[in-house]
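Colleague: Model the following, please.
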Amino acid sequence: MILFLDSSAIVKLYADEEGSAIVRAGVQRAAQVVCHVIAYVEIRAALARKHRLGDIDEKALAVLKREFGRDWPRFERVAGTEALLRRAADLAEAYTLTGFDSVHLAAAEMLSLAIGANVEFRFAVFDRRLRKAATAMGLHVLTAA
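Modeller: Residues are numbered from 1 along each chain as shown. Sure thing, here's the model as predicted:
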C-alpha cells in the first residue's frame, strides 16, 4: 500500500490524539509513506501550537521536534510544481478548502492517478472538510482496519 499523509495525519504520529492508532497502523502496513513538502512547516507549527496551548511542555516539544526531524527524511515527498499548485487552486475553490489543504489534496490526487488502480492507495486525512473533498473525488481514505 502507498499511504499519503496530510498534516492532520502526520501529527498523529507524534502526539497522541484521536486517530493516532489508525495512522500508526497504516504507516506500519504501508510499503511507501508519502506527503507534500509543505507538511514540514505545518507539523512544526502544530507542535508549537500544542506547546502554546499547554498540551505539551517544553521538554516534550523538544523531543517531538527531534523525533519528527529524525523521521522527515523517511517520508517520500511531493514537491509543489506549477501544475500541482494550479490544480490545488481549483480544488480550493471547488471544495472551499484552505490553501495548504488543497495542496495536500492535489498531491494525493496526482499520486493516486500516477500509480493507477493496480496498487493500493490510501489518503490519511482527519480534517473533516478535506476528508469529504477527498471522498467526493474518489480517493480512498485511510480508515480503521
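Colleague: all strands of the protein, in order?
Modeller: In chain order, the chain shows strands spanning 2-5, 32-36, 76-78, 121-124, with DSSP state E as the criterion.
Colleague: Identify whichever of those lies nearest to F100.
Modeller: For F100, the closest of the strands of the chain is strand 32-36, at 8.5 Å, according to Cβ to Cβ. C-beta coordinates here come from the backbone N, C-alpha and C atoms, glycine included.
Colleague: Counting by contacts, list what the closest one packs against.
Modeller: Helices and strands touching strand 32-36, by 3 or more Cβ pairs under 8 Å, 6 or more residues apart in numbering; DSSP states H and E, are strand 2-5, strand 76-78, helix 99-115.
Colleague: So which bits of the shortest one are buried?
Modeller: It stands for strand 76-78. Judged by neighbour count using 16 or more other Cβ atoms under 10 Å, the buried positions of strand 76-78 are V78.
Colleague: mean confidence score for it?
Modeller: Mean pLDDT, taken over the full extent of strand 76-78, equals 97.
Colleague: hmm, who's touching that strand?
Modeller: Outside strand 76-78, the residues within contact range by Cβ atoms under 8 Å, 6 or more residues apart in numbering are Q32, V33, V34, C35, H36, V37, L84, A107, M110, L111.
Colleague: Format those residues as CSV; extra columns: distance to A134.
Modeller: Compiled in CSV, the contacts of strand 76-78 are given as follows (distance: Cβ to Cβ, whole Å):
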residue, distance to A134
Q32, 18
V33, 17
V34, 14
C35, 14
H36, 14
V37, 19
L84, 16
A107, 11
M110, 13
L111, 12
